[in-house]
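*Asks:* Test case, fold it:
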Amino acid sequence: MSEQHGKPWHLETSLVHAGERAAAPRATPIVTPIYTATTYLYPSLAELDAAFADGDSYLYTRYGNPTVAALEAAVAAAEGARGAVAYGSGMAALHAALLAAATPRGETAPRPHAILAARDLYGSSTVLLEELFAARGVRVAYADLCDLQATEAAMAELRPELLLVEQISNPLLRVADIGGLAALCKAGGARLVVDSTITTPVLQRPLALGADLVVHSATKYLSGHGDAAGGVVAARTGMLHASLVRQSRLLGASLGPFEAQQILRGMKTLALRVERQCASAAVVAAFLADHPAVARVYYPGLAAHPAHALAAASFGGRFGGLVSLELRGAAPAVAAFVDRLRLFLPATSLGDLYSLVSVPAIASHRELDAAARVARGISDSLVRLSVGIEALEDLLADLAQALKREVGSQ
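*Replies:* Numbers count the residues shown, from 1 in each chain. Presented below is the predicted three-dimensional model:
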């Protein structure tokens, strides 16, 4: 397009408009393109008005983007969801899930303003509950949601509108009975929100067990390459999905198209990566459990884990790619161990194809005070490993050399 009404445009106008808004090709791209446009055009004002009215057409990037929509469709399919909505981070996704579970569109019956959360949560999730919900009048209580009897008693006392739990908790790797919790929620009139970041749909799909909303920090396993931040919430019902869509448009925590494409690309190898990470993590956990420098190992795949039987039945013989351990000795021993590692990179994330190491007391749970960490069983000597896809032999050698000096110092 280089002219209008038969007259050529001036250079300045051509530089702005030439080459743009060509018709879409008849051929379909093999991968979803990255749509960077912030707004979309329609042939007439009447058609634009109709697009606003139907609510599903592309109008403005905060209202929807084709690249982001492709990621949302992929997550919905993976989770068996009615729909999914993507956000700029995992924390934004968790915030959205809690809002949608508490006040879905179309529901008019009054509900109590109370949240029952697992004691075993990512540190920032606890801070979110305290600073954005409890501080504004929402009753927030914590219980051992891995104990169904304790959960039932807490629900009877609090009468919560929703429960929040991590399928496998970070960092102590406790395992929740999602089906059992869903049954309690159904009986008690509450909604169940499950953070499934660590398990991914490869290990378990909570919506099929009765959960209402599933949250992912897509920065972690879904993306898996350490190069894109994002979050996604998958909904079991159309009403909850509509609530997520509406709130996303109002709050504006949108995921960008570049990040969406990177996460969508990462999801294509999710099953392959998770299978390898689970297999390697099982061997790493067994190696650490037998090492004299290690006081304790947290891994659901070990027979000594309190929820080993539940994990085996829930996850099809795979137990995740995280392994946590406590070293014998105080903080200096932990620092020396982490500093000697070469393949396990000291990074405050998990789920990447790279193997990572972190110390929860100074990373994921830093925002909790010492007393709160102790109450949750998170000691200063706790170390969390996120096993990547490197050769298992190299990972074991790296751990062996980093632990070797600890044996001699005892």
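*Asks:* excluding its backbone neighbours, what's nearest Ala347?
*Replies:* Leu356 (4.7 Å; CB to CB, 6 or more residues apart in numbering). All C-beta spots, glycine's among them, are computed from the backbone N, C-alpha and C.
*Asks:* how about Leu264, what does it touch?
*Replies:* Residues in contact with Leu264 (CB atoms under 8 Å, 6 or more residues apart in numbering) are Thr32, Thr67, Ala70, Leu71, Ala74.
*Asks:* mind running it again at 6 Å?
*Replies:* Going by CB atoms under 6 Å, 6 or more residues apart in numbering, Leu264 touches Ala70, Leu71, Ala74.
*Asks:* now, which of these sits nearest Leu244?
*Replies:* Nearest to Leu244 among the contacts of Leu264 is Leu71, at 14.1 Å by CB to CB.
*Asks:* returning to what we had before: just the buried residues out of the contacts of Leu264, in ChimeraX syntax.
*Replies:* Of these, the buried ones can be selected in ChimeraX as follows, counting by 16 or more other CB atoms under 10 Å:
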select :70,71,74
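*Asks:* Adding secondary structure and distance to Ser89, write the contacts of Leu264 out as CSV.
*Replies:* Formatted as CSV, those follow (DSSP: H, G, I helix; E, B strand; the rest coil; distance: CB to CB, whole Å):
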residue, secondary structure, distance to Ser89
Ala70, helix, 19
Leu71, helix, 14
Ala74, helix, 18
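*Asks:* quick check, nearest of the contacts of Leu264 to Leu94?
*Replies:* Leu71 (17.5 Å).
*Asks:* That closest one reaches Ala86, doesn't it?
*Replies:* Yes: under the criterion of CB atoms under 6 Å, Leu71 makes contact with Ala86 at 5.5 Å.
*Asks:* re the thing from before, let me know the closest of the contacts of Leu264 to Pro201.
*Replies:* Closest to Pro201, out of all of the contacts of Leu264 and judged by CB to CB, is Ala74, at 10.4 Å.
*Asks:* still on that earlier bit, residues near the residue nearest to Ala347, how many?
*Replies:* Neighbour count of Leu356, defined by other CB atoms under 10 Å: 22.
*Asks:* Quick check: it vs Ala229, distance?
*Replies:* Relative to Ala229, Leu356 is positioned 15 Å away (criterion: CB to CB, to the nearest Å).
*Asks:* For the contacts of Leu264, please prepare a markdown table with the additional fields pLDDT.
*Replies:* Converted to a markdown table, the contacts of Leu264 look like this (pLDDT from 0 to 100):
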| residue | pLDDT |
| --- | --- |
| Ala70 | 96 |
| Leu71 | 97 |
| Ala74 | 97 |
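*Asks:* mind showing which ranges of the chain have poor pLDDT?
*Replies:* Applying pLDDT under 70 to the chain flags the ranges 1-6, 103-112, 363-364, 405-410.
*Asks:* Mind doing that once more with 80?
*Replies:* Across the chain, the ranges flagged by pLDDT under 80 are 1-6, 103-112, 329-332, 362-370, 372-379, 405-410.
*Asks:* Do a quick rundown of the strands in it.
*Replies:* 3-4, 7-8, 83-87, 114-118, 139-143, 162-166, 191-195, 213-217, 231-235, 294-298, 322-327, 345-346, 356-358, 382-386 (DSSP state E).
*Asks:* Right, I'll leave it there.
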